[in-house]
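> one predicted model, sequence on top.
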Amino acid sequence: MTKQISDRVKLKRAYETPTADDGIRVLVDRLWPRGIKKSEAAIDHWLKELAPSTDLRKWFGHDPARWVEFRRRYMAEIEEHGDELDRLRALMAEGTVTLVYSAHDETHNDAVVLEEMLLKQR
């Protein structure tokens, strides 16, 4: 089952060109990406409630040294928004979902943690 689900989740930076195989594009940041026009972003859903809180985002500051603790804290925040997580899972049932994020670091960002949560067995 995990394999089937994992095929339905992609990660993509907001600054990359949208493509047809992105499926449903979901922005998972609390802030709109700088310099991106809404008309060009091709965002289908913006799930701000699943994004890290402002306090957590500022504390993390995209510092890889804080990654492990950021992951732990962010997962706890995601658990508090089970309805939104279920909404995202429902979108996955419809087809491919691309989690769109604006961070430069493709390894240490909120979309990576969110993908991990989505792929967890329920």
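In hand now; what should we look at?
> okay, and the residue lying closest to His62 once chain neighbours are set aside sits in which element?
Excluding its sequence neighbours, the residue lying closest to His62 (CB to CB, 6 or more residues apart in numbering) is Asp105, at 5.6 Å. Where you see a C-beta, it was placed from the backbone N, CA and C, and this is true even at glycine. If you go by DSSP states H and E, Asp105 is not part of any helix or strand.
> and for Asp105, the neighbour number?
Residues within reach of Asp105, counting by other CB atoms under 10 Å, total 12.
> please apply the same query to Pro18.
15.
> re the thing from before, pretty sure the residue nearest to His62 sits against Asp63.
No: under the contact definition of CB atoms under 8 Å, Asp105 does not touch Asp63, with a separation of 9.6 Å.
> tell me how many other residues surround the residue lying closest to Thr54 once chain neighbours are set aside.
Leaving aside its chain neighbours, Thr54 sits nearest to Arg30 (6.6 Å; criterion: CB to CB, 6+ apart). Here the count is done by other CB under 10 Å, and Arg30 has 17 residues near it.
> okay then, goodbye and thanks.
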